[in-house]
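> here's a sequence, model it:
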Amino acid sequence: MTLLPKKPEKFQSERRAPSSAGGTSRPNTNASRPNTNASRPNTNASRPNTNASRPNIAGERDRSGPSPLGSRRGDFAGGGSRREDFAGGGSRREDFAGDGSRSGNIAGSGSRRDDFAGAVSPRAFQGKPVVAEQRPRPAMAPAPSLTPRRPTRSSDASAFAELGLSSALVAALSEEGYETPTPIQRQCIPTILEGRDLLGSAQTGTGKTAAFMLPILERLGAPKGTIRALVVTPTRELALQIAERATGYGRNLKLGNTVVYGGVSQKRQEEQLRLRPDVLIATPGRLLDLVRQKVVSLRNVEMLVLDEADTMLDMGFIHDVRRILSEVPTNRQTLLFSATLPAPIVELSARFLRDPVRVSVAPQGTTAEGISESVYFVSQTEKRALLEQVLKTEIPGRTLIFSRTKHGANRIASQLEKAGIQAAAIHGNKSQSARVRALNEFREGSNLVLVATDIAARGIDVQDVSLVVNYELPNVPESYVHRIGRTARAGGQGKAIAFCDNSELGCLHAIEKLTQKKIPVAGGSPGAFQKSEASGSERSTGPRGSNGGSTGERQAGRNGQNGRRPFRR
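Presented below is the predicted three-dimensional model:
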């Protein structure tokens with residue numbers, strides 16, 4: 001389009017109407033003179049003469065987008081507005097802005113808008129349709145999504161499909177970040193899919209939950225509105241953990257699950273049971289209460305899982321387990337999983353399992369390869385100061401401290417708080433809300449130190465635990481393996497430190513005998529206890545049993561030692 005030099009005075013003198021009052025007025029309006037186009041429809045006659053934008057008429061090109069000067073059609077900078085009706089060419093309206101912008105609409109002929117930079121005049125209208133020059137619009141960026149997108153994972157869970165799992169489960173595993181099955185999953189999943197009973201033993205952190213929950217979801221198939229799979233577990237934390245995993249694995253399925261446990265009101269649990277779930281995860285005590293109240297029926301159970309059976313044995317749940325077994329149909333598939341397999345567990349499996357397949361990933365007492373172990377020989381009274389020193393010098397991430405008793409766990413957490421180290425305790429005497437809050441803070445990282453007992457720790461499945469401290473050595477050697485297994489999970493790295501006083505030498509010897517390796521000494525020496533006791537300056541303040549002696553001394557006596565002989569390495 002050819003542009004001519006701007007002639008503002010001539011342009012205004014040619015088109016401005018004379019004013020009768022000495023001021024500026026709008027001439028040639030439809031109200032002041034007759035419309036010569038009365039014989040033909042006037043598209044502008046029905047609308048008021050305002051500066052607002054109007055809808056496009058037929059054949060009109062709208063170029064009201066932003067101009068290089070920022071002028072927009074319908075926006076005026078005080079330059080005035082004019083409308084003219086022509087006898088042979090229709091009507092025209094022109095709006096003049098102070099920056100030289102003009103918007104002209106020709107009724108029946110089209111629309112034109114010209115923006116001028118102050119040195120250009122528009123072409124004169126000849127009553128002809130004006131074709132606006134097409135200017136390319138800049139590419140628009142896509143609008144941001146209001147829904148947060150799930151981060152993509154590079155994991156490939158196709159190896160699970162080779163075990164016989166459906167595409168829905170494989171897709172869920174991929175979203176959960178699973179890449180390849182663990183050894184126990186490779187052995188258990190095909191066996192369970194065949195319908196065989198199973199006795200599984202593996203150290204903690206090897207993926208036992210997925211080993212039984214994935215084939216259960218696969219075998220159940222479509223929902224039927226009744227409890228067909230029952231998982232019995234010793235602690236509330238472990239029950240909640242299994243329910244969370246079941247929900248994640250079954251996200252692409254329509255199977256529902258519900259978890260019931262004691263320590264809280266059962267009203268809400270009853271409401272969840274009315275939804276008729278296919279999978280029920282429960283602790284023994286609350287489950288039997290609901291069965292006696294006829295809130296839960298187990299007559300349609302097809303698959304039964306006893307998880308952490310050795311812990312249920314230690315907690316005295318063995319009689320409750322037998323009553324549960326009597327409530328479920330005899331024609332069922334039974335899966336028994338345990339970190340350790342003591343004689344009573346083997347006896348129980350022989351009685352209630354039918355020709356079970358025995359799966360043992362690692363020999364009993366084997367610790368994870370990524371754990372760096374060490375032991376400090378220290379008196380009971382000096383353990384607190386040593387713990388504070390370790391936590392302040394090691395600068396670990398999440399730290400899990402094990403105490404032998406509930407009172408000891410509370411005492412350790414309180415002492416750390418007084419030393420300026422944030423810590424929380426978790427054990428069976430804590431309320432459910434307090435336990436859940438402590439675990440959530442530990443998982444989220446707002447609290448990096450958690451003190452726990454062996455029973456409560458069975459439900460702790462937290463990634464990136466960098467340090468495990470055995471403030472007191474356990475009486476049962478297998479519990480030591482389970483404790484330190486909370487770090488270096490899934491092939492990671494971690495540290496395990498043990499504090500050993502003179503009353504715990506027998507426990508240390510039993511642990512080394514079970515694991516078949518010596519634990520490196522990080523500080524102190526067992527010979528110092530012998531010398532200290534001879535002078536009478538050392539007095540054991542460890543946990544006392546009902547017979548007046550410490551539990552460590554009783555364990556040492558069972559191992560052929562009196563707990564006072566120097567430890568021989």
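
> what mean pLDDT does stretch 269-277 get?
For stretch 269-277, mean pLDDT is 95.

> would you mind writing the CA trace of it as CSV?
Only the C-alpha atoms of stretch 269-277 are listed here, as CSV (Å, rounded to 0.1, in the frame of the first residue of the first chain):
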residue,chain,number,x,y,z
GLN,A,269,-14.1,-48.3,59.7
GLU,A,270,-17.6,-49.7,59.7
GLU,A,271,-18.6,-47.1,57.2
GLN,A,272,-15.7,-48.1,54.9
LEU,A,273,-16.7,-51.8,55.3
ARG,A,274,-20.2,-51.0,54.1
LEU,A,275,-18.6,-50.1,50.7
ARG,A,276,-18.0,-53.8,50.3
PRO,A,277,-14.3,-53.9,49.6
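
> list the buried residues for that stretch?
Neighbour-count burial for stretch 269-277, counted by 16 or more other CB atoms under 10 Å, picks out 269, 273, 277. For the C-beta atoms, the positions are set from N, CA and C on the backbone; glycine is no exception.

> domains for this protein, by residue range?
1-7+58-122, 158-360, 371-558 (automatic domain parsing).

> ok, which stretches of the stretch 301-450 of the chain are strands?
303-306, 333-338, 357-360, 371-377, 398-402, 424-426, 449-452 (DSSP state E, counting those that start in this stretch).

> closest to G263 out of these?
Nearest to G263, of all the strands of the stretch 301-450 of the chain, is strand 424-426, at 12.8 Å by CB to CB.

> rewinding a little: kindly report which one of the domains of the chain carries the lowest mean pLDDT.
The stretch with the lowest mean pLDDT among the domains of the chain is domain 1-7+58-122, at a mean of 45.

> would TSV of the buried residues of stretch 269-277 with secondary structure and distance to F337 be doable?
Listed next are the buried residues of stretch 269-277 as TSV, based on DSSP: H, G, I helix; E, B strand; the rest coil; distance: CB to CB, whole Å:
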residue	secondary structure	distance to F337
Q269	helix	24
L273	helix	25
P277	coil	21
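
> make JSON lines from the residues you listed and add distance to S158 to it.
Below are those laid out as JSON lines (distance: CB to CB, whole Å):
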{"residue": "Q269", "distance to S158": "38"}
{"residue": "L273", "distance to S158": "37"}
{"residue": "P277", "distance to S158": "30"}
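
> looking at the residues you listed, spot the one nearest L173.
P277 (21.5 Å).

> list the contacts of the closest one.
Contact analysis of P277 by CB atoms under 8 Å, 6 or more residues apart in numbering lists 227, 255-258.

> give me the subset of those lying in helices.
The members of those all map outside helices under DSSP state H.

> reformat the strands of the stretch 301-450 of the chain as JSON lines; add distance to E347 and mean neighbour count.
Output for those, formatted as JSON lines (distance: least, CB to CB, whole Å; neighbours: other CB atoms under 10 Å):
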{"stretch": "strand 303-306", "distance to E347": "13", "mean neighbour count": "24"}
{"stretch": "strand 333-338", "distance to E347": "12", "mean neighbour count": "23"}
{"stretch": "strand 357-360", "distance to E347": "14", "mean neighbour count": "16"}
{"stretch": "strand 371-377", "distance to E347": "31", "mean neighbour count": "19"}
{"stretch": "strand 398-402", "distance to E347": "29", "mean neighbour count": "25"}
{"stretch": "strand 424-426", "distance to E347": "32", "mean neighbour count": "25"}
{"stretch": "strand 449-452", "distance to E347": "29", "mean neighbour count": "26"}
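
> out of these, which gets nearest to L505?
Closest among the strands of the stretch 301-450 of the chain, using CB to CB: strand 371-377, at 8.7 Å.

> tell me which element K495 is part of?
Mapping K495 onto the secondary structure by DSSP states H and E places it in strand 494-500.

> following that strand, which helix or strand shows up next?
Strand 494-500 is succeeded, C-terminally, by helix 505-515 (DSSP H and E).

> how far off strand 371-377 does that next one point, in degrees?
Between the axes of helix 505-515 and strand 371-377, defined by axes from the mean of the first three to the mean of the last three CA atoms, to 10 degrees, the angle is 160 degrees.

> list the helices and strands the next helix-or-strand element following helix 505-515 packs on?
Remark: after helix 505-515, the chain's next helix or strand is strand 521-523, criterion DSSP H and E. For strand 521-523, the packing partners by 3 or more CB pairs under 8 Å, 6 or more residues apart in numbering; DSSP states H and E come out as strand 371-377.

> wait, which of the buried residues of stretch 269-277 is closest to R186?
Checking the buried residues of stretch 269-277 against R186 by CB to CB gives P277 as the nearest, at 28.7 Å.

> and that closest one, how far from N257?
Noted for P277: a distance of 5 Å to N257, by CB to CB, to the nearest Å.

> and S431, by the same measure?
For S431, the distance to N257 equals 24 Å [CB to CB].

> the two: which has the busier surroundings?
For the pair S431 and N257, the greater number of neighbours falls to N257 (24 against 10), based on other CB atoms under 10 Å.

> tell me the contacts of the more buried one?
243, 246-247, 250, 277-281.

> nearest residue to it in space, please, no chain neighbours.
Closest residue in space to N257, ignoring its immediate chain neighbours: V279 at 3.9 Å, by CB to CB, 6 or more residues apart in numbering.

> measure that neighbour to A343 for me?
Counting by CB to CB, the separation of V279 from A343 is 31 Å.

> between the buried residues of stretch 269-277, which is closest to L467?
Nearest to L467 among these, with distances taken as CB to CB, is Q269, at 36.1 Å.

> okay, now the spatially closest residue to the closest one that is not a sequence neighbour: neighbour count?
Once flanking residues are discounted, Q269 sits nearest to V260: 4.6 Å by CB to CB, 6+ apart. Neighbour count of V260, defined by other CB under 10 Å: 25.

> hmm, V260 is touching L280, no?
Yes - with contact defined as CB atoms under 8 Å, V260 and L280 form a contacting pair (7.0 Å).

> which residues are common contacts for these two?
Listed as contacting both V260 and L280 by CB under 8 Å, 6+ apart are 273, 287, 296.
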